[in-house]
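Provided below for reference: sequence and predicted model.
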Protein chains: 2
Amino acid sequence: MMSKAVILLSGGLDSATTLAITAERGYDCYALSLDYRQRHVAELSAARRVARAFQVLEHKVIPIDLSTIGGSALTDSSIAVPEQPSEGIPVTYVPARNTVFLSLALAWAEVLGADDIFLGVNAVDYSGYPDCRPEYIEAFQAMANLATRRGVEGQTLRIHAPLISLSKAEIIREGVRLGVDYSLTVSCYQANESGAACGLCDSCRLRASGFREAGVPDPTRYQSSASP
Amino acid sequence: MMSKAVILLSGGLDSATTLAITAERGYDCYALSLDYRQRHVAELSAARRVARAFQVLEHKVIPIDLSTIGGSALTDSSIAVPEQPSEGIPVTYVPARNTVFLSLALAWAEVLGADDIFLGVNAVDYSGYPDCRPEYIEAFQAMANLATRRGVEGQTLRIHAPLISLSKAEIIREGVRLGVDYSLTVSCYQANESGAACGLCDSCRLRASGFREAGVPDPTRYQSSASP
């Protein structure tokens, strides 16, 4: 029997590549997406397309309304998404988002009997979010092993972040090698309903320069005349 | 200005006592309850009554449907709540529940600018859940301080579990001293809609023997002729 893994799948470039890596490593893949009332709901349609392309065993979408908590440009429509680079942790940071998402992945992993959780965080070409750093991932794993029945019973849960030390260009090259169709993915923080990207936000900029640097044609659809 | 604290408020005996302790320590209290499609929805009405009695500054109820994950008698109606004590971690354990709840408390704390989170876990008269142990709470705190903007900026977040080493009788005596009206609370895993308790589940047994041991009259309403 193959081992099961839960993959956090946002529908962006990084999580699609992470799913491809998980599948290549031979896991039975269970994809988890969160409908957190994000500004960029086109992400969820992208997640469904990517999950289908990789024929995951199950794709679960859990609604969790983070807009009631607010505090981020991605969950509070009164805060604008910046269209210029900024210093420090940007307003697109969603408080404790990866902790909430990993907690739900942990719950599902326990019910499935999975000891492996994959997520596509990256600490090189990233927006400077605290919950994308290696020390955070290690601390979550330590906590997770104390939190669950499987942990108590001696199973070790591992949190895998296979992209964490790759540049965006390296991620794209790895994804191309594994057959990821990046035209299915949406990275833009303010994509329109059809998934077309603004070309201006931090996520669009990182994505576009990744494709350029990797020497891979950029399949991103941009809104009208927008281009990064 | 007083410090803000987020309190996880289930509506049971322990969380009501924890709220009383937090208020006594002089914090501005923000109560958080989760509507996780628990079997015992009467808990949420109890949480609202308790929040009102303590005049918290805000009581937020976030819906998060853990029944889509299942794996527990509290979230899956096809698994019966045991009415006899059992060995090991019981089927009422909800996978990663405290991790999911604390993650949401962490998110709200960050938006509020609160550095203190209180929860009523107890590792003495408890059901043997892994996420009620002191080592789990410490590991969550360590992770939380790496997860957030406030952590990066040098603020220290503390997770308080003031009941963790108290017996149920000690918790009740402390609550009585602080003026908690336990008739407002519901602990039963299968309370009916009006909040009347079954008298048979693990939670009812622990509660009833706590009142007996504390020498405090038990204000719990039981279903018809049920009594522990």
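Arrived safely, thanks for sending. None of these values were measured; they are calculated from a predicted model.

Report the buried residues of the strand or helix carrying residue A:21.
Per DSSP states H and E, residue A:21 falls inside helix A:13-24. Neighbour-count burial for helix A:13-24, counted by 16 or more other C-beta atoms under 10 Å in any protein chain shown, picks out A:13, A:14, A:15, A:16, A:17, A:18, A:19, A:20, A:21, A:22, A:23. No exception for glycine: its C-beta is placed from N, CA and C like everyone else's.

tell me how far it is from the chain's mean position?
Centroid separation between helix A:13-24 and its chain, computed with C-alpha atoms, centre = their mean, to the nearest Å, is 10 Å.

Tell me which other helices or strands that helix touches.
When contacts are defined as 3 or more C-beta pairs under 8 Å, 6 or more residues apart in numbering or on different chains; DSSP states H and E, helix A:13-24 packs onto strand A:4-8, strand A:28-35, helix A:42-53, strand A:116-118, helix A:168-177.

switch to 10 Å and redo it
Judged by 3 or more C-beta pairs under 10 Å, 6 or more residues apart in numbering or on different chains; DSSP states H and E, the packing partners of helix A:13-24 are strand A:4-8, strand A:28-35, helix A:42-53, strand A:116-118, strand A:158-160, helix A:168-177, helix A:202-214.

so how far is residue B:113 from residue A:87?
Taking C-beta to C-beta, to the nearest Å as the measure, residue A:87 falls 21 Å from residue B:113.

what about residue A:53, how many neighbours?
For residue A:53, the tally of surrounding residues (other C-beta atoms under 10 Å in any protein chain shown) stands at 16.

ignore the last one, residue A:125
Residues contacting residue A:125 under the criterion other C-beta under 10 Å number 19.

Surely it touches residue A:187?
No: using C-beta atoms under 10 Å, residue A:125 is not in contact with residue A:187, being 11.4 Å away.

Quick check: neighbours shared by those two?
Common contacts of residue A:125 and residue A:187 (C-beta atoms under 10 Å, 6 or more residues apart in numbering or on different chains): A:14, A:168, A:205, A:206, A:207, A:210.

How much space separates the second one from chain B?
Translated: residue A:168. Separation of residue A:168 from chain B (C-beta to the nearest C-beta, to the nearest Å): 22 Å.

Would you mind giving the orientation angle of the lengthiest helix in chain A with respect to helix B:97-112?
Longest helix in chain A by number of residues (criterion: DSSP state H): helix A:97-112. Put simply, helix A:97-112 runs at 170 degrees to helix B:97-112, going by axes from the mean of the first three to the mean of the last three C-alpha atoms, to 10 degrees.

More neighbours: residue A:87 and residue B:113, which one.
The neighbour comparison of residue A:87 against residue B:113 (other C-beta under 10 Å) goes to residue B:113, with 11 against 6.

And that one, what's its pLDDT?
At residue B:113, the model reports a pLDDT of 92.

just residue A:225 next, same as before
62.

Same question for residue A:65.
In this prediction, residue A:65 carries a pLDDT score of 84.

how deep is it tucked in, by neighbour count?
Residue A:65 has 13 nearby residues by other C-beta under 10 Å.

How about residue A:78?
Per other C-beta under 10 Å, the neighbour tally for residue A:78 reads 6.

dump the residue contacts of it.
residue A:70.

which other helices and strands contact the helix or strand of chain A with the lowest mean pLDDT?
Lowest on mean pLDDT, DSSP states H and E among the helices and strands of chain A sits helix A:149-152, with a mean of 82. Here helix A:149-152 touches helix A:97-112, helix A:134-147, going by 3+ C-beta pairs under 10 Å, 6+ apart.

who's in contact with the closest residue in space to residue A:111 that isn't next to it in sequence?
Nearest residue to residue A:111, sequence neighbours excluded (C-beta to C-beta, 6 or more residues apart in numbering or on different chains): residue B:71, at 3.6 Å. Applying C-beta under 10 Å, 6+ apart to residue B:71 gives the contacts A:107-108, A:110-113, A:149, B:79, B:91, B:93-96.

the inter-axis angle of the longest helix of chain A versus strand A:4-8?
Comparing the axes of helix A:97-112 and strand A:4-8 via the same axes, to 10 degrees yields an angle of 160 degrees.

Go through helix A:97-112 and flag the buried ones.
Buried, per 16+ other C-beta under 10 Å, within helix A:97-112: A:97-112.

which one of the contacts of residue B:71 sits closest to residue A:121?
Among the contacts of residue B:71, residue A:108 lies closest to residue A:121 (C-beta to C-beta), at 18.2 Å.

so what's the closest one up against?
So residue A:108 contacts A:4, A:6, A:30, A:32, A:58, A:60, A:62, A:114, A:117, B:66, B:68-71, B:95-96 (C-beta under 10 Å, 6+ apart).

May I ask which two of these are separated the most?
Taking C-beta to C-beta, the two most distant members of the contacts of residue A:108 are A:4 and B:66; they sit 19.3 Å apart.

ok, the two, which is more surrounded?
Neighbour count, other C-beta under 10 Å: between residue A:4 and residue B:66, residue B:66 has more, with 26 against 18.

and that one, what does it touch?
Taking C-beta under 10 Å, 6+ apart, one finds A:62, A:104, A:107-108, A:111, B:34-38, B:72, B:74-76, B:94-97, B:100 in contact with residue B:66.

which intervals of chain A have sub-threshold pLDDT?
Of all residues in chain A, those with pLDDT under 70 make up the ranges A:1, A:39-40, A:225-228.

mind listing what residue A:100 touches?
Counting by C-beta under 10 Å, 6+ apart, residue A:100 makes contact with A:34, A:36, A:64, A:66, A:69, A:94, A:131, B:64, B:99-100, B:102-104, B:106-107, B:147.

and what of residue A:83?
By C-beta under 10 Å, 6+ apart, residue A:83 lies in contact with A:189, A:190, A:198, A:199, A:200, A:201, A:202, A:204, A:205.

Just say helix, strand or coil for the closest residue to residue A:43 other than its chain neighbours.
Counting by C-beta to C-beta, 6+ apart, residue A:43 lies nearest to residue A:11, which is 4.1 Å off, once chain neighbours are set aside. Following DSSP: H, G, I helix; E, B strand; the rest coil, residue A:11 is assigned to coil.
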